[in-house]
Every structure is written in C-alpha cells, then in structure tokens.
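J.: sequence below, structure please.
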Amino acid sequence: MRLPLISWRQKLILMSLLCLVVPSVITLILLGLYAKNELKTKAVEKAEQALEVAELYTSNIMQDMVNAFNSIQYDSETITDMRVAWNKYKQDGTGKVDFFSFRNLSEKLDRITFFGGQTYVTILLPNGLIFTNYSTYDNSLNFMYEEKWLKDMAAEPSNTTRWLGTQPNYVRSDADKYPNVVTIIRKFQLYNNGVSAYIILSKPEIQFRQIFARYEGDPALMLLDKNGTIVSHTDPSQIGKAAPVPAPPQGQYDRSEWNGTEYLTVGHALPFAGWSLLSLTPYEGVTSKIGSMFNRTFVLQIAFFLLFALLLLYFLNQWTKPVMRLARTASKVEKGFLDERSGVRGRHEVGFLGLAFDRMLDRIEDMIVQVEEEQTRKRMAELELLQAQINPHFLFNTLNSIRLQVILKGEEEIGGVIGSLSTLLRMTINRNNEFIPLHEEVATVEHYMQLMNFRHHENAALTVNLASDALLVSIPRFTLQPLVENAYIHGLRQKRGEIGITAWKQQQMLYIQIHDNGVGMAEDAMERFRSGAPMSGIGLKNVKERLQIIYGSLFEMEMASSPGAGLKIVLKIPLRGREEGRDVQSHTGG
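T.: Okay, here's the model as predicted:
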C-alpha cells in the first residue's frame, strides 16, 4: 500500500516540530543523566563524610579500649598486686584473697577513665580468681572459663589481642539497659614461667549505635568485623547477622541489591582487627529526588513546547499561505485555466515570486494571442499562395507560346531572351529544391546574363570553367546569381566587360571563384567587408551570411581587389556540408 503524499507545508511543519521535540527530549535525557550522576556523587560524598565522622568516634572508642589494656598490663604495681593476690589465693585454698592487693586492684580499675561512657573491665587469673570494675553480686563469671573463645585464647601466644565482636551482656544488673556488649580480650603472662592471665574489656553496643543513629535513615551505617558480621547497627535485630553486602574498598563505591532494594554502598576500613564501617544508601532515595525534579522539568517542557508549537503553527500557516496559493494557481493553470492569477504580493521573496508568476502568465496569454493571430495570417497567406499558384503556370505557358511564335517568325534572339526569362522566373518561383547541382546554378546565371545584356544593350561576356568532378556538387540555390549581379552592376557598371566563373574540388572542399575586370573595390570598402561592418553590397552580405548559417565555421569567403583591377571572390564550401545541406532542404523545402 502506497503511503499518502505529504505536502511541502506538512513537511515544513513536521520538521519544525521535530526540531523542537528532538532537542527537548535530548536535553531532558542529558539533564536526567547529569542530575542522577550528580546526586549519586553527592550521596557518596555524604556517606563518605558520615563514615569519616563515625570512624573518628569508633576508632577513639576502640583505641581507648586498647589503651586500657596497656595501662593494666604494663603497670608494675597492678601486676604486683595481681601476683600477691593470686599467690595468697592459691596458697590459702579457702578462696580468699589478700585484702590489700584486692583493694589496690579495685581502686586501680575504678581510676581508669574510658572514652564514651560505661566500660566493663574483667581480669581472669588462674584457678578462678577474678577482678572487675563492676559489682559481681549475684553475677557469677566462672562461665567464662568454659567459653570457646577463652579456650582458643589459651592456645595463643602471650600479648595476643582478639576482638570478639558483639555478645550478650554478662553483667546481669545492666543486661536490660545494655543487652549487648562489644568485647575485646588480651592474654598476658602473670609470671615468666608461663602462668597466663586475661584482661576482658566490654563496651555496651549502644555506644556505637548512638554514633550511627546520628545519620539514621540516609545513609544507614553499621560496624562489621573481619568476617563481615554486623557488630553494631541502628537496628539491633541485625546484630550478629552477616552484612547484606560486602564493604567496597575505601575510596570506592558499589551498587548492590539486598532484599529487592538497590543500595549505594561505601566502606571505610578501621585500623583494628580488620573491622570496617559500611554505609548503605537506598538508590531509590537518590533517584527519587531526580525523578521528582525530572517530572517538574518535564511538565514545564511540555507546557513550553505546546506554547511554542502553537505559535510556530500559527506563524508557519501565515508564512506558507502565499506559497500554497501559488501552488493552487499553478495547478489550475496546468489544467488549462490560463486566466487564473495568484494575487500574491509583498515585499519578500514569495511576494516577488507571485508577482513574477502572474506577469509570466500575462506574457504567456499575450504570446498565445500573438501565435493565434500569426497562425490566422499564415493560413490566409497559404490560401492566397494557393490561389496565386494558378497565375505563374498561366504566365509560363503564355511565355512559351510567345517564344514559339517569335521563333516561327524568325526572331531567334528575341525567342532566346523570352526563353531565358521563362527559365529564370521558373527557378525563382519554384522552391521545391533548396539545393541544386552546380551546373544548374551556372545555367541560371547564364540566363540572367542574357537578360541583363538584352536589357542594357551591352554585351558583357560570361566565361565558365568548371571541373568535371565539380559539376554535380550540390550548392544552395541562388548562391552565384547575387555575386554575378554584383559584378555586373557594381564592377562593370552595366557596361562591356568580362565575368568569369571557375570551380574545382580540392581536399574535401569546393572552390568557386567569381571574378570580373571592372572598376574593383577600394581598400576601405574591403576592410568594412572583412570586419563585418554594414556595406552597400547587400548581395555579398546575404550570400555570406546564408552560407555561414548552412555550413558553419567550415565555410570561408575571400575577396581580393584593387581600384581598376576588378574584384575576385572565392567561396570555400565544405563537401561534408553538402549532405547536411540536403537535410536542411528536406526539413525546410519538403
């Protein structure tokens, strides 16, 4: 099925609308992509800043716990009190400790100031001797000796520190307030003989959570151990679970999916035990901002587009009306309504085009009227010519009858003159053949000379010298007669003299020479002829122009003369032009 044709006007409107729509759509797409990337970058920067602050606070808490280890392990008085208390406890066998050592250790532990609030300090010595900075009333800690992590630490070398992560709070009095604690343990030697002791420090997990809660919602922060297990989270139910996504290397971010939700993830490594901080920012939260902005921009774009489209359609309609009127006028003219006019005017290109179009139609109508008048005149002339053709035949027959009567009465000269006149008239009136053989053209010239001698009572001689191979060469009718007439009238001055005609063929050219022994031609007249200036010899000019039209640039006409020495004219006619001349004859004369 062929598609319907689209008019120029419709194409113009369509392209104009496309020029509005395409840039707007591209702009919206690029704006959306740019804004989305920009918001994503801002979200990552925000997460990085949150992680930097959280890292600072978290690292301070963890560093303070390490410092507490050092202040206990490397304090000589504390180690001495531990040894005294343990020796007393071991030797007595009653479960009692040295009072002074116990008091000194308790005061020492109470004097330790920790960053970030509550900290539980527990020192485990062999044989069940335990020192703490919190009350152990109704709170037995002997279960710790059976914990797997303590047994694992027993196999580790001295001064080994291990971060145990999040555990249930073992201090019963604070378990409701702080249900989970983040614990770190260190093994050290009480004596050089291999007797080991353990320092256990625990911080309520809520202290870390409070740091993360400052950024609750966007982004979500969490503390991970080296295995990717959540140590602290704003949602306590997530503690102890595996992280939803691995933390990306520091300085980078990932797009990860968890529970059907896509997140921007940013990670920061901590300088302790391979732990790290992880930030999760919902990707939808980032893109929703650009979505709302995109929707507002899209609505504005649509509103402006509709406004501009209406204005564009209005102006295009006004601008294309003259063109459409011209098209309708041209269509009606094509159907034959030549009196139709567009009437489009204006000081612009279409107005000039409409004016020129209407003027062209006016000229066409005038030309049609002229052609019709010429055709009418031509038909009248053809009718008159048809009517006049009766008279020449009657005249020829009458002249032949007179010639025969004159010859019968013995007037041979008068009969010859009448015969020449009849032949010349017949050649003049008969237009059936525009080209005739050279010998027939020369015969016509001989009849003409006989009539001119009879008329002027002179005896100018005509000498003819034609090469045998030139006799049948066809040349245009009445080529030589005007030249001989010019020689007779202007050269011999209608007196006695000699006119010669010579013809020969040479190198595909026919040479015809006409010469006389008359008065000749002055040099200034010769120059005017060569330059093509107007001159009195109309016959010479007509012959030259006629032969140039027929043969083109291959034809040449040369003249040579001097005062008192006669005039010589040489015609150089190309033999190849003869066939072309016959074609011309077939189109003009036939």
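J.: what is the burial count for the nearest residue in space to Gly518 that is not next to it in sequence?
T.: Spatial nearest neighbour of Gly518, chain neighbours left out: Gly491 (2.9 Å); criterion: CB to CB, 6 or more residues apart in numbering. From N, CA and C alone the C-beta is placed, and that goes for glycine too. Gly491 has 24 neighbouring residues, counting by other CB atoms under 10 Å.
J.: what of Pro157?
T.: Count around Pro157 with other CB under 10 Å applied: 8.
J.: let me know the distance separating it from Ser196.
T.: 10 Å (CB to CB, to the nearest Å).
J.: and for the two, which residues touch both?
T.: Lys187 (CB atoms under 8 Å, 6 or more residues apart in numbering).
J.: which element is the nearest residue to Asp339 once chain neighbours are set aside on?
T.: Nearest non-adjacent residue to Asp339, counting by CB to CB, 6+ apart: Glu365, 7.4 Å away. Element membership for Glu365 (DSSP states H and E) is helix 349-388.
J.: packing partners for that helix?
T.: helix 283-334 (3 or more CB pairs under 8 Å, 6 or more residues apart in numbering; DSSP states H and E).
J.: now the helix it packs on against helix 349-388, angle please.
T.: With axes from the mean of the first three to the mean of the last three CA atoms, to 10 degrees applied, the angle from helix 283-334 to helix 349-388 works out at 20 degrees.
J.: what pLDDT, on average, does helix 283-334 get?
T.: For helix 283-334, mean pLDDT is 76.
J.: the residue nearest to Asp339: neighbour count?
T.: Neighbour count of Glu365, defined by other CB under 10 Å: 12.
J.: that one and Glu340 touch, don't they?
T.: No: counting by CB atoms under 8 Å, Glu365 does not reach Glu340; the two are 10.8 Å apart.
J.: between those two, which contacts overlap?
T.: With CB under 8 Å, 6+ apart, Glu365 and Glu340 have no common neighbours.
J.: look up phi and psi at Leu277.
T.: Per-residue torsions, Leu277: phi -110, psi 140 (degrees, to the nearest 10).
J.: ok, and the closest non-adjacent residue to it?
T.: Here the residue nearest Leu277, using CB to CB, 6+ apart, is His268, at 4.5 Å.
J.: host element of the one you found?
T.: Here His268 sits within strand 261-269, counting by DSSP H and E.
J.: quick one: average pLDDT of that strand?
T.: 79.
J.: paired strands for that strand, with orientation please.
T.: Partner strands and pairing direction for strand 261-269 (DSSP bridges) are strand 253-258 (antiparallel), strand 276-282 (antiparallel).
J.: ranking those strands by burial, who's on top?
T.: The highest mean neighbour count among the strands paired with strand 261-269, using mean count of other CB atoms under 10 Å, belongs to strand 276-282: a mean of 24.
J.: in the stretch 51-200 of the chain, where is pLDDT below threshold?
T.: Where the stretch 51-200 of the chain drops to pLDDT under 70, the residues are 92-95, 113-116.
J.: rerun that using 90 as the cut-off
T.: For the stretch 51-200 of the chain, the stretches flagged by pLDDT under 90 are 51-120, 122, 124-161, 164-165, 169-177, 187-197.
J.: show me this protein divided up by domain.
T.: Domain assignment for the chain by automatic domain parsing gives 47-298, 341-387, 457-588.
J.: quick one: mean pLDDT for the last one?
T.: Spelled out, that is domain 457-588. Averaged over domain 457-588, pLDDT sits at 81.
J.: and the longest helix seen in the chain, what does it pack against?
T.: Ranked by residue count and defined by DSSP state H, the top helix of the chain is helix 8-73. Under the contact criterion of 3+ CB pairs under 8 Å, 6+ apart, helix 8-73 touches strand 120-124, strand 180-189, strand 196-204, helix 205-213, strand 220-224, strand 261-269, strand 276-282, helix 283-334.
J.: number of residues surrounding the closest residue to Ala522 other than its chain neighbours?
T.: Spatially, and ignoring its direct neighbours in sequence, Ala522 is nearest to Pro563 (6.0 Å; CB to CB, 6+ apart). Around Pro563 sit 11 other residues, with neighbours defined as other CB under 10 Å.
J.: so Gly274 sits in a helix?
T.: No: using DSSP: H, G, I helix; E, B strand; the rest coil, the assignment for Gly274 is coil, not a helix.
J.: which residues does the nearest residue to Lys46 once chain neighbours are set aside contact?
T.: Closest residue to Lys46 apart from its sequence neighbours, by CB to CB, 6+ apart: Pro219 at 7.0 Å. Counting by CB under 8 Å, 6+ apart, Pro219 makes contact with 43, 46-47, 50, 264, 266, 279-281.
J.: one more: Lys177?
T.: Pro204.
J.: so is it in a helix, a strand, or just coil?
T.: Here Lys177 is recorded as coil under three-state DSSP.
J.: show me how far the strand holding His268 is from its chain's centre.
T.: Distance of strand 261-269 from the chain centroid (CA atoms, centre = their mean, to the nearest Å) equals 43 Å.
J.: quick check: angle from it to strand 220-224?
T.: Using the same axes, to 10 degrees, the interaxial angle of strand 261-269 with respect to strand 220-224 works out to 50 degrees.
J.: flag every buried residue along strand 261-269.
T.: By neighbour count on 16 or more other CB atoms under 10 Å, the buried set for strand 261-269 is 263-268.
J.: got the contact list for that strand?
T.: Contacts of strand 261-269 (CB under 8 Å, 6+ apart): 40, 43-44, 47-48, 51-52, 54-55, 219, 244-245, 247-250, 252-257, 275-284, 286.
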